[in-house]
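> 3D model of this:
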Amino acid sequence: MPENITWPADISSYCFEVPYSDQSVLFSSASGVRLTDTAGRTYLDGLSGVFVTCFGYGAEPITSAVAKQVQTMAFHPPLHGTNPHALELAERLVRLAPDGIVAAKLVNGGSESVEAAIRLARLYHHERGRQGKVKVLSHYHGYHGATFGSLSVTGRPDVARFGPGLPGVVHVWPPDCVETFLGVPHERSGAAAAELIARTVEAEGPDSVAALVVEPVIHLRGMAVPPPDYLPALREVCDRYDVTLVFDEIVTGFGRTGAPFAADTFGTTPDLICVGKGISGGYAPLAGVLIGDRIAPVLDGEAGSRAFAPSHTYAANPVSAAAGVAALDMFEQIDAPGAVARLSARMDAGLRRVLGGRGRIRGAGLLFGVTLLPPDGPDPEAGAKVAAACLRRGLIIRGQDDWVVMAPAFTSEDADIDELLSVLGEAVDEVLGDAR
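You can find the predicted model right below:
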């Protein structure tokens, strides 16, 4: 346990999100890009919470917008109407999104967003008389959420302990796995993986496949960035077989890859974009599905409105919507893409300097993954060891398997980036040995 942390004598009544350990911290406050625990120790947040607090903590105008909305109207009857902030947020998200996105459905979190996208894809085919198109393809090693449907399309073996998932889910290999497991060079792995997906659609039967759900950058492969031709190839495959293409941009969206969405970064517009995490800057639960012009007509209703029910009690609630609108204001005020480009260049150069040959860097914008390369051969616990060594030094990153990932806030200063790199270098020295 970090030094001087005092936990309550009995913590058994609280169910932790991840297992309690000697690395667990009792956070009490936060400001800028730093958090403070109950013993007064501060931590530099190199992960933006978990890809969420892209504007840091205590950010104006978001805090004021949320406080004002709570005092004005914290909730309204969702069966009888909506609120002005929700309407404004949807319109501005559509304007920010790639051409061809025409509507936004607001929900509470990333898992709901993914499940809404799956429902919407199936509805789209059902309303066109193709009721048999219900199967969903997704990547092995992808992560899409913790609710039943989103967990079902998560392609990781550790979810099997919950029993059978959603019927009709078929997993496919992403380029990074094709490279690692089959030895295909990176420049050819995108075409190979896309061809495997095409063959999978044919094997399952094109009349049975509703959607392909993918993360543009796969977080749990240590930020596996796809070859440039991969996502455009998926667009062609989906068009060929009338399959709805869904990008899970919960992590990559809202400026994180250097453009408003990874769809922009990689030059490919899907039919549906799942957004969340940074969309409110972490100031309220908020996520959504951005809907393309091919899908949106199935939702058309009276007076040009669109409806997608059943929905969620807290979806598009006024407090979350107010946070989202203020986050968009801040996105523009700080020139988020420009800030990401500048900080990303500093991070990339610094990582190469502190790692030497001890890690393979993968990144897009302010989203960095490092596959660690221990001198004595692979270590499946190297990522967790480095992350723990960072935490002991007051730096929060994420580490798992043989990788670590970092995602600093867009509002970080150069000094914050330099501190992150310095501490990371010390942690890597401790775990892998000094590179000098």
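> Which parts of whichever helix or strand Ser320 is part of count as buried, going by neighbours?
Using DSSP states H and E, Ser320 falls within helix 318-333. Under the neighbour-count criterion of 16 or more other C-beta atoms under 10 Å, helix 318-333 has 318-328, 330-331 buried. All C-beta spots, glycine's among them, are computed from the backbone N, C-alpha and C.
> Run through the neighbouring helices and strands of it.
Where contact means 3 or more C-beta pairs under 8 Å, 6 or more residues apart in numbering; DSSP states H and E, helix 318-333 is packed against helix 62-72, helix 84-96, strand 101-107.
> Nearest to Thr252, out of these?
Counting by C-beta to C-beta, Thr252 lies closest to helix 84-96 out of these; the figure is 14.1 Å.
> Report the buried residues of that closest one.
Neighbour-count burial for helix 84-96 [16+ other C-beta under 10 Å]: 85-86, 89-90, 92-93, 96.
> hey, where'd the helices end up in the stretch 151-300 of the chain?
Counting by DSSP state H, counting those that start in this stretch, the stretch 151-300 of the chain has these helices, from start to end: 175-182, 186-204, 230-241, 262-265.
> so can I have CSV of the helices and strands packed on helix 318-333 showing distance to Arg240?
Compiled in CSV, the helices and strands packed on helix 318-333 are given as follows (distance: least, C-beta to C-beta, whole Å):
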stretch, distance to Arg240
helix 62-72, 43
helix 84-96, 27
strand 101-107, 22
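> Dump these to CSV, plus mean pLDDT.
Shown next, in CSV, are the helices and strands packed on helix 318-333 (pLDDT from 0 to 100):
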stretch, mean pLDDT
helix 62-72, 98
helix 84-96, 98
strand 101-107, 97
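> Of all the ones you listed, which one is nearest Val354?
helix 62-72 (32.7 Å).
> Let me know the angle separating the closest one from helix 318-333.
With axes from the mean of the first three to the mean of the last three C-alpha atoms, to 10 degrees defining the directions, helix 62-72 sits at 150 degrees from helix 318-333.
> elements contacting helix 62-72?
Using 3+ C-beta pairs under 8 Å, 6+ apart, helix 62-72 is in contact with helix 318-333.
> which helices and strands does the helix or strand that the helix it packs on is followed by pack with?
Using DSSP H and E, the helix or strand that follows helix 318-333 in sequence is helix 336-355. Packing partners of helix 336-355 (3+ C-beta pairs under 8 Å, 6+ apart): strand 359-363, strand 368-372, helix 414-432.
> tell me the most buried of those?
Compared across these, strand 368-372 shows the largest average neighbour count, a mean of 24 (mean count of other C-beta atoms under 10 Å).
> outside of it, which residues touch it?
221-224, 347-348, 351, 355, 358-363, 379, 382-383, 386, 402-407, 428, 431-432 (C-beta atoms under 8 Å, 6 or more residues apart in numbering).
> So among these, which ones count as buried?
Here, 16+ other C-beta under 10 Å leaves 221-224, 347, 351, 355, 358-359, 362-363, 379, 382-383, 386, 402-407, 428, 431-432 buried among these.
> Endpoints of stretch 294-311, how far apart?
From its first residue to its last, stretch 294-311 covers 21 Å (C-alpha to C-alpha, to the nearest Å).
> Also stretch 20-27?
14 Å.
> For that stretch, what is the distance to the chain centroid?
23 Å (C-alpha atoms, centre = their mean, to the nearest Å).
> Now that stretch: buried residues?
Residues Val25 are the ones in stretch 20-27 that count as buried (16+ other C-beta under 10 Å).
> Kindly report the same for stretch 234-248.
234-235, 237-238, 241-248.
> Is it possible to get those residues out as a markdown table so that each row also shows distance to Lys133 and pLDDT?
Formatted as a markdown table, these follow (distance: C-beta to C-beta, whole Å; pLDDT from 0 to 100):
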| residue | distance to Lys133 | pLDDT |
| --- | --- | --- |
| Leu234 | 17 | 98 |
| Arg235 | 18 | 98 |
| Val237 | 15 | 98 |
| Cys238 | 12 | 98 |
| Tyr241 | 10 | 98 |
| Asp242 | 8 | 98 |
| Val243 | 8 | 98 |
| Thr244 | 9 | 98 |
| Leu245 | 13 | 98 |
| Val246 | 14 | 98 |
| Phe247 | 19 | 98 |
| Asp248 | 20 | 98 |
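> ok, those residues vs Ile279, which is closest?
The nearest member of the buried residues of stretch 234-248 to Ile279, counting by C-beta to C-beta, is Asp248 at 13.4 Å.
> All good on my end, thank you.
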